[in-house]
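# After the sequence you'll find the predicted model.
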Amino acid sequence: MARNKEKQVRNTDLELKDRLVAIKRVTKVTKGGRTFSFAAIVVVGDEKGIVGYGLGKAGEVAVAIQKGVEDAKKNLHKVPVMKGTIPHKQTARYGGADVLMIPASHGTGVKAGGAMRAVLESAGVKDVLAKSKGSSNPHNLVKATMKALLTMRDAYTVTQHRGVSIDKVFNG
């Protein structure tokens, strides 16, 4: 997990757009009755390769969303986006959610379900084929999608890691 620390981005004057992925009402049962509050999961990104997600909980919907946005801005990461798509095929699993992402040619669009779509569009991915298998829990889907994006490596990163030229990576 040391690689994820390197990719963490500082929030300094970025044009971040936030997307609400899911909001749910949660109940706490006490001696005096039920107490209702809201939990919101939010994804923020600059649509140029920087994306993060956050969870906010509060008694009001608007406050929960705002807390989620603040939490997401603290957890921004740089992900590889090449020519509007991802560099290679990738799978990831978080909890019961299993995701598969495949690069697509220009003009395909983002073929993905709700929670995955929010993360991919916030990251700036324009063309991708994505499939979620297993659980449809939005929290786990967002985390699995982020895990898949963070484990991707572009050609430049591979050349640095191997200590060879970019021609050697593509031509064997």
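Sure thing, it's come through.
# So for whatever helix or strand Ser132 lives in, what gets flagged as buried?
Using DSSP states H and E, the element containing Ser132 is strand 128-134. Of the residues in strand 128-134, those buried by neighbour count under the rule 16 or more other CB atoms under 10 Å are 128-130, 132. In this view, the C-beta of every residue, glycine as well, is placed from N, C-alpha and C.
# Could you let me know which of those ends up closest to Arg162?
For Arg162, the nearest member of these is Val128. The distance, counting by CB to CB, is 25.9 Å.
# Which pLDDT value belongs to the closest one?
Taken from the predicted model, the pLDDT recorded for Val128 is 95.
# With the one 3 residues further on instead?
According to the model's per-residue confidence, Lys131 sits at a pLDDT of 94.
# do Asn11 as well
Among the per-residue scores, Asn11 shows a pLDDT of 62.
# one step back: next SSE after the strand holding Ser132?
Following strand 128-134 in sequence order, the next helix or strand is helix 138-150 (DSSP H and E).
# Can you give the distance of that next one from its chain's centre?
The offset between the C-alpha centroid of helix 138-150 and the centroid of the whole chain comes to 5 Å, using CA atoms, centre = their mean, to the nearest Å.
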